[in-house]
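*Asks:* starting from these lines, generate the structure:
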Amino acid sequence: MKRHPSLHALSQHHHFALIQSLFIRRARQQPAGRRATAVQRVAEKFLRFWIQNGQQHFREEEEILLPAYARHIPIETDPDVMRMLADHAAIRARTERLQELLEAKEPVEAVLAELGRMLTDHVRLEENCIFPKMEKTLSAAELEALGKRLTRLHAKGSCEI
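*Replies:* Take a look at the predicted model:
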């Protein structure tokens, strides 16, 4: 799907989130003898990704993207936006739980698997529903102004995969 250039940064963030989901699935498919170590390593890597990039991505959507949309549409009337915000809260909660489990050296696989599924579903929601609404609702000038405020992750050293 061709995306308006102003939203490329957020779509790029989504690409990196989907890579994290892929790493989670692959770790869980490892043979029994390597699975626990692979899951642990991917959980730690995901947590670094979240701290370095995921939190910022959610803030940008909530503080830049949605207020621009809310100038045109009451967001509380849009079920997709309400689901997006609920997803953000749920992903934050699962990530906090993952961190707690890692710190306590307890099993993380179930929470990590859930996070992987949630991320994939969330990215699909935003790419297939939310972003097309933004592109349709916001003017070209609004989209351009919005795009200038978003963080690009491909800058050197800004996103660990």
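*Asks:* give me the buried positions along the biggest helix by length in the chain.
*Replies:* Criterion DSSP state H: the longest helix present in the chain is helix 79-104. Buried residues in helix 79-104, defined by neighbour count with 16 or more other Cβ atoms under 10 Å: 81, 83-85, 87-88, 91, 94-95, 97-99, 101-102. To be clear about C-beta, it is placed using only N, CA and C from the backbone, and glycine gets the same treatment.
*Asks:* just read off the phi/psi values of residue 106.
*Replies:* The phi/psi pair for residue 106 (degrees, to the nearest 10) reads phi -100, psi 160.
*Asks:* for it, give its distance to residue 95.
*Replies:* According to Cβ to Cβ, to the nearest Å, residue 106 and residue 95 sit 15 Å apart.
*Asks:* packing partners of the longest helix of the chain?
*Replies:* helix 32-49, helix 55-60, helix 66-70, helix 109-125 (3 or more Cβ pairs under 8 Å, 6 or more residues apart in numbering; DSSP states H and E).
*Asks:* quick check, pLDDT for the residue at the greatest distance from the centre of the chain.
*Replies:* Residue farthest from the centre of the chain, counting by Cα atoms, centre = their mean, is residue 33 at 30.5 Å. Confidence at residue 33, expressed as pLDDT, is 92.
*Asks:* return the residues in contact with the residue lying closest to residue 115 once chain neighbours are set aside.
*Replies:* Nearest non-adjacent residue to residue 115, counting by Cβ to Cβ, 6 or more residues apart in numbering: residue 94, 4.9 Å away. Counting by Cβ atoms under 8 Å, 6 or more residues apart in numbering, residue 94 touches 111, 114, 115, 118.
*Asks:* could you redo the last one with a cut-off of 10 Å?
*Replies:* Applying Cβ atoms under 10 Å, 6 or more residues apart in numbering, we find residue 94 in contact with 111, 112, 114, 115, 116, 118, 119.
*Asks:* how near is it to residue 145?
*Replies:* Distance from residue 94 to residue 145, counting by Cβ to Cβ: 33 Å.
*Asks:* go on, residue 35?
*Replies:* Residue 35 is 47 Å from residue 145, by Cβ to Cβ.
*Asks:* kind regards, and thank you for your time.
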